[in-house]
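Peer 1: Just a sequence and a predicted model for now, questions to come.
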Amino acid sequence: MNALLYVLVALTWGSSFFFAKIGLEGLAPQQVATVRTVLGAVTLVVVLLVTRREWPREPRVWGHLLVVAVFLNAVPSSLMAWAEQTVPSGLASIYNATTPIMTLLALAVLVPSERLSRRQLGGVALGIVGVLVLVGPWDLVGDPAVLATVPGQVALLGMTASYGIGLAWLRRFGVGSGQDPTTVATVQLTLAAVLMLLVAPVIATGPVRLDWRIVAAMVALGAVGTGLAYAWNTRLVGAWGAGRASTVTYLTPVVGVALGVVVLGEPLRWNEPVGGLVVLLGIALASGALRGRRSAARSRPSVRSAG
């Protein structure tokens, strides 16, 4: 059962960028971000009610989760949707793999005890090299189409940096410690949905065109990718531990690139999979996955990516 959940999480998070790309065919970027967040929140609220979990009562937990909702949901989902107006979904999924690198940097700033070791610094440096390969600066001058994607690629780095800050905030303040993880995720998504609905009349404007593809894509992106996948991943972390569960990060770019190329017919430059591989090697080095089993077992739990 856990192996099946692992595959489902990889497929769901890997396809998030694919579904967002389809959603953008009929919705504005902020509309896509708002709909996915609201659908995800509604889905987890239903799970919470069906399983009879209790909402947290401590104001401190709600306050910190409001911050987490901004950095793990509201900001990154908005940046992702905006970026995919110009960036292929496959490339966006590769950029998502930089989340663990960004989280390590954020932890070093927000959590004094989480200073980066030489090995981790080497992994971060290798990850930065991978990002440079992803961008392909040698193509920026000669290819206007590539140059036009640069703002979107920068936005995707902002997305993963936001993920990193949110995850580091969770660690720094022990948000939800003692709380059921699914309950914490439900509160987090609910707060994010409320925030995005409040600003929707101002920034989520524009014409709406819906067909069955767009509706299906948004349901998959929101209810499954933003909602159920959180619950699935929570169960995996409980069963396998954070380190083993986090290896899903290595599979999501493969799913995202395959869907973009095969289904959407997106072009794939040679440097994109190469850069993605370098980023993943940097993550493996920084997280201790390239060391022996014993030393890796003694290392801190790995950080996870999201879709």
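Peer 2: Nice, I can see it. Numbers count the residues shown, from 1 in each chain.

Peer 1: number of nearby residues for residue 158?
Peer 2: The local packing of residue 158 (other CB atoms under 10 Å) involves 18 other residues. C-beta: built from backbone N, CA, C; applies to glycine.

Peer 1: what helix or strand is it on?
Peer 2: Using DSSP states H and E, residue 158 sits in helix 150-173.

Peer 1: Tell me the helices and strands packed up against that helix.
Peer 2: With contacts defined as 3 or more CB pairs under 8 Å, 6 or more residues apart in numbering; DSSP states H and E, the packing partners of helix 150-173 are helix 59-69, helix 75-83, helix 89-96, helix 99-110, helix 118-135.

Peer 1: Buried residues of that helix, list them for me.
Peer 2: Buried positions in helix 150-173, judged by neighbour count with 16 or more other CB atoms under 10 Å: 152-153, 155-173.

Peer 1: quick one, it and helix 118-135 angle?
Peer 2: Between helix 150-173 and helix 118-135, the angle comes out at 160 degrees (axes from the mean of the first three to the mean of the last three CA atoms, to 10 degrees).

Peer 1: can you state the direction angle for helix 150-173 and helix 89-96?
Peer 2: Going by the same axes, to 10 degrees, helix 150-173 makes 40 degrees with helix 89-96.

Peer 1: CA atoms only: put helix 150-173 into PDB for me.
Peer 2: Output in PDB follows, covering the C-alpha atoms of helix 150-173 (Å, rounded to 0.1, in the frame of the first residue of the first chain):
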ATOM      1  CA  VAL A 150      14.000  34.200 -18.200                       C
ATOM      2  CA  PRO A 151      11.400  36.200 -16.100                       C
ATOM      3  CA  GLY A 152       9.400  33.000 -15.700                       C
ATOM      4  CA  GLN A 153      12.400  31.000 -14.700                       C
ATOM      5  CA  VAL A 154      13.300  33.600 -12.100                       C
ATOM      6  CA  ALA A 155       9.700  33.400 -10.800                       C
ATOM      7  CA  LEU A 156      10.100  29.600 -10.500                       C
ATOM      8  CA  LEU A 157      13.300  30.100  -8.400                       C
ATOM      9  CA  GLY A 158      11.200  32.500  -6.300                       C
ATOM     10  CA  MET A 159       8.600  29.700  -5.900                       C
ATOM     11  CA  THR A 160      11.100  27.200  -4.600                       C
ATOM     12  CA  ALA A 161      12.700  29.900  -2.300                       C
ATOM     13  CA  SER A 162       9.300  30.500  -0.900                       C
ATOM     14  CA  TYR A 163       8.900  26.800  -0.300                       C
ATOM     15  CA  GLY A 164      12.200  26.800   1.500                       C
ATOM     16  CA  ILE A 165      11.200  29.700   3.800                       C
ATOM     17  CA  GLY A 166       7.900  28.000   4.600                       C
ATOM     18  CA  LEU A 167       9.500  24.600   5.500                       C
ATOM     19  CA  ALA A 168      12.200  26.300   7.500                       C
ATOM     20  CA  TRP A 169       9.600  28.300   9.400                       C
ATOM     21  CA  LEU A 170       7.900  25.000  10.200                       C
ATOM     22  CA  ARG A 171      11.200  23.700  11.600                       C
ATOM     23  CA  ARG A 172      12.200  26.900  13.400                       C
ATOM     24  CA  PHE A 173       9.000  27.300  15.400                       C
END
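
Peer 1: What average pLDDT does the helix or strand just after that helix get?
Peer 2: Counting by DSSP H and E, the element after helix 150-173 in chain order, helix or strand, is helix 181-203. The predicted model assigns helix 181-203 a mean pLDDT of 93.

Peer 1: again, but for stretch 227-242
Peer 2: Rounded mean pLDDT across stretch 227-242 is 78.

Peer 1: Next, the buried residues of that stretch.
Peer 2: Per 16+ other CB under 10 Å, stretch 227-242 contains these buried residues: 227-237, 240.

Peer 1: next one: stretch 143-150
Peer 2: Going by neighbour count (16+ other CB under 10 Å), the buried part of stretch 143-150 is 146, 149.

Peer 1: which residues sit against it?
Peer 2: Applying CB atoms under 8 Å, 6 or more residues apart in numbering, the external contacts of stretch 143-150 come out as 86-87, 91, 135-136, 139-141, 269.

Peer 1: so how far is that stretch from its chain's centroid?
Peer 2: How far stretch 143-150 lies from its chain's middle: 24 Å, per CA atoms, centre = their mean, to the nearest Å.

Peer 1: for stretch 87-107, same thing?
Peer 2: Per CA atoms, centre = their mean, the centroid offset for stretch 87-107 relative to its chain is 7 Å.

Peer 1: which ones are touching the nearest residue to residue 115 once chain neighbours are set aside?
Peer 2: The spatial neighbour of residue 115 that comes closest, neighbours along the chain excluded (CB to CB, 6 or more residues apart in numbering), is residue 108 at 6.1 Å. Going by CB under 8 Å, 6+ apart, residue 108 touches 114-116.

Peer 1: Fine by me, thanks again.
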